[in-house]
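>>> how would this look folded up:
(chains A, B, C and D)
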Protein chains: 2
Amino acid sequence: MRPPVNGAVRRRPSLSQLRAFAAVAEHLHFRDAATAIGMSQPALSGAVSALEETLGVTLVERTTRKVLLSPAGERLAVRARAVLAEVAALMEEAEAVRAPFTGALRLGVIPTVAPYLLPTVLNLVHERYPDLDLQVHEEQTANLLDGLTTGRLDLLLLAVPLGVPGVMELPLFDEDFVLVTPLGHELGGQEGIPREALRALRLLLLDEGHCLRDQALDICREAGRDDVPVTTTAAGLSTLVQLVAGGLGVTLLPRTAVTVETSRNPQLLTGRFAHPAPSRRVALAMRTGAARGAEYEELAAALREALRPLPVRVL
Amino acid sequence: MRPPVNGAVRRRPSLSQLRAFAAVAEHLHFRDAATAIGMSQPALSGAVSALEETLGVTLVERTTRKVLLSPAGERLAVRARAVLAEVAALMEEAEAVRAPFTGALRLGVIPTVAPYLLPTVLNLVHERYPDLDLQVHEEQTANLLDGLTTGRLDLLLLAVPLGVPGVMELPLFDEDFVLVTPLGHELGGQEGIPREALRALRLLLLDEGHCLRDQALDICREAGRDDVPVTTTAAGLSTLVQLVAGGLGVTLLPRTAVTVETSRNPQLLTGRFAHPAPSRRVALAMRTGAARGAEYEELAAALREALRPLPVRVL
DNA sequence: AGTCACTGATAACTACATTCGATCAACCCG
DNA sequence: CGGGTTGATCGAATGTAGTTATCAGTGACT
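Got it, this is the predicted structure:
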C-alpha cells in the first residue's frame, strides 16, 4: 500500500539545482537565467526539472512563451535563496579566515562623524591592515541601515542606539555635546552650563534626516523645552557653525567636531555643559552573524585604541 | 603578481561535503561520522579534504589518534549546520506542499488548556485533516517553548503573550477568568464582582511553573493585593476545584474550564467579574519561518471556527 | 495565412565528481 | 613488540552534471 504515483526516489537537492531554480525565479526566463549563472540553457532546464523531481513539486509553470512560478515555487524560491545566502556566507567566512583583513570593506559613515573620525580610521587601516580596501560611503543613518541590511554596505560608523533587529552594535565611545556660541554671547566659553539654559536659546539645527538633529531635539525636550525651534537649518556642520558665527543663533556640536569646526573661526566660543553633559554614543554596526564579524570586532577594538587621544570617553 | 601558494581553483562546496564536514564536526570521529550519514569512511574522508581544498582552509586537525576542529573549523561548522538546516527546511516545506496536513504534528499543550480544548482540537483534526498524525504533549510553558525551539515540538497551544523572539503567535481567543467559590460563600454565584474583591479572599493557586498561577498572581497585583497568598497549591485544576469545594478557599478558573470542573460538583458556585473581567489569551505558537507555517495558520483559522460554540471571544 | 523569431525541452555525448571496497601507514595500549 | 584502531590512499565503477546541436511549440508581424 504505497502512495499511488510516487515512483520517484526522494533524494537531496543539489546546490546547483537550487542555484538554477533561484535564477529562474529571479529572471522568469530560462536563457537569461542560464547566462546569468554562467551555464547553458539545457543544463539549467534539466537542473530545474531535476529539482522538481527530487522535491516532488511543480515549481515553475512553463508555457513556451511565458514562465511563472507556481505558488509552491514562490514559497520554495524563498527557501532556495536562504540556502544560497547561507552558502555564500560560509564561503565568505572561509575567505575571511583564509585572508583576514583583505579585500573590500564597504564602510558607511554618517556626515556628523565622517570628517572628524575618518582621519583616525584611515590611518589605522592603512597602518595596521594595509591589504584592506576601505570604501567609504557618507550617508544618513536611515540610508546606511538600509544599505547594511540589503548587503550594499558591510559596516557602519554612526550614532547608537539603533534598536534595529539583525544589526549588532560595537560601541566605540561616548562624546559630550558642547554649546557653540558667537563671540560675545552670554554663555560664551562658560563651563558648567545647566541644560535648562537651552530653553531660552535660539538653536540652529541640521536638516531633516540627520540623527544629530534628532539628538539635539531630544536634549532640548529633556531640558524641558517643548516647542520645536525650526527656523533655520543647515546641510552640514560646517555651514551650521558659520551661521552661528554670523550671529543667527547657537548650536550643539559633538566634541569630536569642535576642534575642526571652531578653531578656524575666531568668532566662536564653546561652552561646556554641567555634569552629566548631554552626549551621544558612536559605534560600529554590522549585520548580526556577518561573515567577517570577528574581523569587525577586532577592528572595533583597534579603533578604540586609536581613538584614545581624542577628547571622548572610549568604551 | 598572483598570490603565492594558491594553485587551487576556488569553487563552490557541495552539500554532501558540508554534510560530511558537519558530521565530522559532530562526532569528531571519521568512521562514526561516516556511518551516521550512511557513507563509507573513505568517501567522507575525501569529502572533507575536498571541502578544505575548495575553501582553502584547514577545517579538521587530524592526528591519527584524535580528531579536533581547527578554530576556523569551529566557525565554519556553525555555518555548515546553518546551510544544512536551511536545506532541511526547504525539503520539509516541499513535502508540506506536496502533501499538506499529513504526517506527524507534535503539538504541545499546557495543562490548564489541554483537558478543555483537546476534544475540540482532536475532533477538528480527525474530521478535517484525517491524515494528520497529531501527537499531543502536555507540559508547562517553559518546557514547551524549549521543545519548540529545539525542534522536539512543532506547534504549541498555550496562553500568550510569550514575548519570545523567533516564536510566532497565532491568537485563537480570549477567555475570562471566573471566580469559583464554595456553596454559601458571600460572593457565590454573583455577577459583576469588582476585582478589588480579590484582596480579601483566600485564593488557592496551582503549583509553581503553571502559567495560570502567574496570571492569577498578576490579576491580584492589579487588584491592589501585594502579598502573595501561598498557603496551599495544587498540581491540577481538578484538584484545585476539589479544594475549593472543601472550603479551603476560592480560585480563579478560565472560562473554558468551568463547565467541566464545576458541573460535576454541586458544592461549587461560579461568580463573574465586572466588565472588563480579567482574561487570558490562548494561541497557537510556532517557530517563525516554520516550514509548515502556512498549514499552522490554516489550522489556526479552522480552530477559531471550531471554537466558536465555546463561551470565549474568538479572535 | 504564412513565416519568422524566440521560447523551453530533448538527445547524444563527455567529463568529472562521488562513491566504494580493499589496503596502507601511523599511533596507542598492553 | 604485536594487536587493534585510527584516518589516508588507491583504482575502478557509477552516476551526475555539464556541454553542443537540434527540436517543437507559440506568438507576432506581414
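
>>> contact residues of the stretch 1-150 of chain A facing chain B?
A:12-16, A:18, A:55-57, A:72, A:75-76, A:79-80, A:82-83, A:86-87, A:89-91, A:93-95, A:97-98 (CB under 8 Å from any CB of the partner chain). Bear in mind the C-beta positions are built from the backbone N, C-alpha and C, glycine included.

>>> can we see that at 7 Å?
For the stretch 1-150 of chain A, the residues found near chain B under the criterion CB under 7 Å from any CB of the partner chain are A:12, A:14-15, A:55-57, A:72, A:75-76, A:79-80, A:82-83, A:86-87, A:89-90, A:93-94, A:97-98.

>>> buried members of these into PyMOL, please.
Typed into PyMOL, the next command selects the buried ones out of the residues of the stretch 1-150 of chain A next to chain B (criterion: 16 or more other CB atoms under 10 Å in any protein chain shown):
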select buried, chain A and resi 14+15+55+56+57+72+75+76+79+80+82+83+86+87+89+90+93+94+97
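
>>> longest strand of chain A?
Counting residues, the longest strand in chain A under DSSP state E turns out to be strand A:167-182.

>>> ok, residues contacting the next helix or strand after that strand?
Tracing the chain past strand A:167-182, the next element assigned as helix or strand by DSSP states H and E is strand A:205-206. Here strand A:205-206 makes contact (CB atoms under 7 Å, 6 or more residues apart in numbering or on different chains) with A:212-213, A:216, A:233-234, A:240.

>>> among the residues you listed, show me the least confident.
Model confidence across the contacts of strand A:205-206 bottoms out at residue A:233, which has 71.

>>> circling back to that earlier point, who does the longest strand of chain A touch, helix- and strand-wise?
Using 3 or more CB pairs under 7 Å, 6 or more residues apart in numbering or on different chains; DSSP states H and E as the contact definition, the elements that strand A:167-182 packs against are helix A:237-245, strand A:251-254, helix A:255-263, strand A:268-271, strand A:279-287, helix A:293-307, strand A:313-314.

>>> which positions in the first one come out as buried?
Residues A:237, A:240-245 are the ones in helix A:237-245 that count as buried (16+ other CB under 10 Å).

>>> and what of stretch A:11-28?
Quick answer for stretch A:11-28 (16+ other CB under 10 Å): A:13-25, A:27.

>>> kindly report the same for stretch A:213-229.
Applying a neighbour-count criterion of 16+ other CB under 10 Å, the buried positions in stretch A:213-229 are A:213, A:215-217, A:219-220, A:223, A:225, A:229.

>>> still on that earlier bit, distance to DNA strand D added to the helices and strands packed on strand A:167-182, as CSV?
Listed next are these as CSV, based on distance: least, CB to the nearest atom of the strand, whole Å:
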stretch, distance to DNA strand D
helix A:237-245, 53
strand A:251-254, 53
helix A:255-263, 52
strand A:268-271, 64
strand A:279-287, 29
helix A:293-307, 26
strand A:313-314, 46
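
>>> ranking those by burial, who's on top?
Per-residue neighbour counts averaged over each of the helices and strands packed on strand A:167-182 give the maximum for strand A:251-254, namely a mean of 26 (mean count of other CB atoms under 10 Å in any protein chain shown).

>>> where strands are concerned, which of the contacts of strand A:205-206 count?
The strands, defined by DSSP E, take in A:233-234 from the contacts of strand A:205-206.

>>> which of the contacts of strand A:205-206 lies closest to DNA strand D?
Taking CB to the nearest atom of the strand as the measure, residue A:212 is the one of the contacts of strand A:205-206 closest to DNA strand D, at 50.9 Å.

>>> that closest one and DNA strand C: what is the separation?
Distance check for residue A:212 against DNA strand C: by CB to the nearest atom of the strand, to the nearest Å, it reads 50 Å.

>>> give me the pLDDT value at the closest residue to that residue other than its chain neighbours.
Computed as CB to CB, 6 or more residues apart in numbering or on different chains, the closest residue to residue A:212 that is not its neighbour in sequence is residue A:112, at 4.4 Å. On the pLDDT scale, residue A:112 is placed at 90.

>>> which single residue of the stretch 201-315 of chain A approaches DNA strand C most closely?
Closest point on the stretch 201-315 of chain A to DNA strand C, by CB to the nearest atom of the strand, is residue A:291, at 22.2 Å.

>>> that residue contacts residue A:92, doesn't it?
Yes: at 3.8 Å, residue A:291 counts as touching residue A:92 under the criterion of CB atoms under 7 Å.

>>> what stretches of chain A score poorly on pLDDT?
Residues of chain A that meet the criterion pLDDT under 70 lie in A:1-10, A:64, A:226-232.

>>> domains for it, by residue range?
Following automatic domain parsing, one finds the domains of chain A at A:15-97, A:101-173+A:280-314, A:176-279.

>>> would you convert those into CSV that also reports distance to residue B:273?
Putting these into CSV (distance: least, CB to CB, whole Å) gives the following:
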stretch, distance to residue B:273
domain A:15-97, 45
domain A:101-173+A:280-314, 38
domain A:176-279, 40
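
>>> please name the nearest non-neighbouring residue to the residue of the stretch 101-250 of chain A found nearest DNA strand C.
The shortest separation between the stretch 101-250 of chain A and DNA strand C is 25.7 Å, found at residue A:103 (distances taken as CB to the nearest atom of the strand). Counting by CB to CB, 6+ apart, the nearest residue to residue A:103 once its immediate chain neighbours are dropped is residue A:133, at 6.2 Å.

>>> same check, this time on residue A:272
Setting aside the residues directly before and after it, residue A:272 is nearest to residue A:191 in space (CB to CB, 6+ apart), at 4.6 Å.

>>> check residue A:261 too.
Using CB to CB, 6+ apart and skipping residues adjacent in sequence, the residue nearest residue A:261 is residue A:241, 4.6 Å away.
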